[in-house]
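# requesting a structural model of the entry that follows:
(2 chains)
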Amino acid sequence: MAKKEYAFYPGCSSQAKSSAANYLTSVNTMCDKLDIKLTEIPDWNCCGASIGYAEGGELPRLAINARNFALAEQHLPGKDIVATCAACWLGARETKERLDHTSQLMKETNEALAAAGLKYEGKVNIRHMVEVLIEDLGYDAIKAPVVKPLEGLKIAGYVGCQTNRPFGIDGESFENPKYLDKFIEVLGGEPIEKYEQKVACCGGALAFSEPEKSQKQIRDIVESALDHQAELIVTPCPLCQANVEVYQSEINRKNGTKFAVPVVYYSQLMAVAYGSSAKDAGLNGQLIRTEALEKIANR
Amino acid sequence: MSDLNTQAVARYKNNFLREVEERVEEGDMVKMCMQCGVCAGSCPLGPHWQHSPQKIFMMIRAGKREEVLTSDSMWMCTSCYNCIVRCPRQLPITHIMHGLANYAHRLGIAPKGQPTREFAKTFWNNLIKKGRVNELTLTLAHYFANGIGPGIQIALNMQKIGLGMVLAGRLNPMEIFGGHSVKDLNGFHAVLAKAKEIEDRKKGFSA
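As a prediction, the model looks like this:
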């Protein structure tokens, strides 16, 4: 039996051939090494993301999140829901808080769920994968399986917004959370402790609708990492990863710059440090290849 | 002016604060603002807001209904939550901005063609179709929102990125034929329909 078991909420971007498919690959590898068992919530749906507010409004957004809770309570009773996506975690946790604190919204949400024969009891907990790693396992347990330390690798821990604000991880400060730096450290790498853009916003969904404004954010995030001689950027958020990696070529095209800083997930660092192949760490999913990590993986 | 908007004006007369408290998500917290301005200084897109959140809160109390609801300020929110965690009075500022944008959008008086308003609509309609986001059709619908000509131009600019995503196994051209979906789609749609019905009744959207 696995050491820890959870009801898994992968989210849309982690599905096969979606924008964070390589995140899921590396999470599966990481969890395998750490003896964490993830059982997908059967028939889960989208959380609505942050940008869902304009057309979706309040109750429809709460109701679709509560549908996932109801399914988890019914099929995986007693297990915490674990999300890997920042927006999924945020959307779900916001929903849970609002429903648990407002009986009227709870009543209305259950009225909506009843249309599909479902009921949310208010029992389930919502966690992010990094919370599971830090709170349920601890840094020593994260360090234990390391066989290929990321020696000499300078890594900028880009925490971003939604795995940080408004809920925070493990009670850390919103302005300078340390958990990504600690991950890098226990894996044998060298964190950029003075990374100015650590909790800056990449533009989120506005990368689509306001490309100029978002690309200004992204440029700052990349430039600050380079200022500190970082070889790569690591993040816990699928949208941060995609935005910061994908738009570097657009920024280059428009400005004649030559940015090409790889952006990876914490789970990819762990998979490599735990001795898995580049493929099992999802490194073949990078648009900007990370030769430094591939070299360690292939060693 | 839409009918819904005319009805709202008639109902609340000049009491915009009461309208916001009753109909906007988390709107009952607006009067907690003490005008310190930390939100305005914390927003990553701060310079692009015609009216900062701080100013919007005061405008609501001053009854500047049209100026607030027709402004594109709230649509600058990236959902970074910086304002929320820094607000000394713990106003859920992000949610109030979302709520104001949603309210203006539903009344039909939000700025026409505002890119984030358009993208938000495309996003929601995409995800409710199958219960999960189809990233390919979402991207294409967004690029071609302003017609074939501009769409082709954006698509050409982005084709290298798109191809890179396909080769990296992170974008599936076959999603054009359907893609991922929840199995109990009827149940999912029934939940959504009921939730919308209740919300529309509460917020005066079902005339």
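# strands of chain B, residue ranges please.
Ranges of strands in chain B, per DSSP state E: none exist.
# now swap in chain A and tell me
Ranges of strands in chain A, per DSSP E, are A:4-9, A:36-40, A:81-83, A:126-128, A:154-157, A:190-191, A:232-235, A:263-265.
# mean neighbour count added to those strands, as a markdown table?
Just so you know, the C-beta spots here come from the backbone N, C-alpha and C atoms, and that holds for glycine as well. Converted to a markdown table, those look like this (neighbours: other CB atoms under 10 Å in any protein chain shown):
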| stretch | mean neighbour count |
| --- | --- |
| strand A:4-9 | 23 |
| strand A:36-40 | 17 |
| strand A:81-83 | 28 |
| strand A:126-128 | 24 |
| strand A:154-157 | 26 |
| strand A:190-191 | 20 |
| strand A:232-235 | 26 |
| strand A:263-265 | 27 |
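# including distance to residue B:205 and mean pLDDT, could those go into JSON lines?
Shown next, in JSON lines, are the strands of chain A (distance: least, CB to CB, whole Å; pLDDT from 0 to 100):
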{"stretch": "strand A:4-9", "distance to residue B:205": "30", "mean pLDDT": "97"}
{"stretch": "strand A:36-40", "distance to residue B:205": "35", "mean pLDDT": "98"}
{"stretch": "strand A:81-83", "distance to residue B:205": "31", "mean pLDDT": "98"}
{"stretch": "strand A:126-128", "distance to residue B:205": "29", "mean pLDDT": "98"}
{"stretch": "strand A:154-157", "distance to residue B:205": "44", "mean pLDDT": "98"}
{"stretch": "strand A:190-191", "distance to residue B:205": "49", "mean pLDDT": "98"}
{"stretch": "strand A:232-235", "distance to residue B:205": "38", "mean pLDDT": "98"}
{"stretch": "strand A:263-265", "distance to residue B:205": "40", "mean pLDDT": "98"}
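# can you redo those strands as JSON lines with distance to chain B?
Output for the strands of chain A, formatted as JSON lines (distance: least, CB to the nearest CB, whole Å):
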{"stretch": "strand A:4-9", "distance to chain B": "12"}
{"stretch": "strand A:36-40", "distance to chain B": "12"}
{"stretch": "strand A:81-83", "distance to chain B": "14"}
{"stretch": "strand A:126-128", "distance to chain B": "14"}
{"stretch": "strand A:154-157", "distance to chain B": "17"}
{"stretch": "strand A:190-191", "distance to chain B": "22"}
{"stretch": "strand A:232-235", "distance to chain B": "14"}
{"stretch": "strand A:263-265", "distance to chain B": "12"}
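# would you reformat the ones you listed as CSV and include distance to residue A:242?
Shown next, in CSV, are those (distance: least, CB to CB, whole Å):
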stretch, distance to residue A:242
strand A:4-9, 19
strand A:36-40, 22
strand A:81-83, 17
strand A:126-128, 18
strand A:154-157, 17
strand A:190-191, 23
strand A:232-235, 10
strand A:263-265, 9
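# distance of residue A:80 from chain B?
22 Å (CB to the nearest CB, to the nearest Å).
# on that earlier part again, between the strands of chain A, which gets nearest to residue B:174?
Among the strands of chain A, strand A:36-40 comes nearest to residue B:174, with 21.9 Å by CB to CB.
# just checking: what are the partner strands of the closest one?
Strand pairing for strand A:36-40, using DSSP bridges, gives strand A:4-9 (parallel).
# any idea how far the spatially most distant residue from the centre of chain B lies from residue A:283?
Distance to the chain centre peaks in chain B at residue B:167, reaching 32.4 Å (criterion: CA atoms, centre = their mean). Distance of residue B:167 to residue A:283, computed by CB to CB, to the nearest Å: 14 Å.
# likewise for residue A:71?
Using CB to CB, one gets 33 Å for the distance from residue A:71 to residue A:283.
# chain neighbours aside, what residue packs nearest to residue A:253?
Excluding the flanking residues, the one nearest residue A:253 by CB to CB, 6 or more residues apart in numbering or on different chains is residue B:157, at 7.5 Å.
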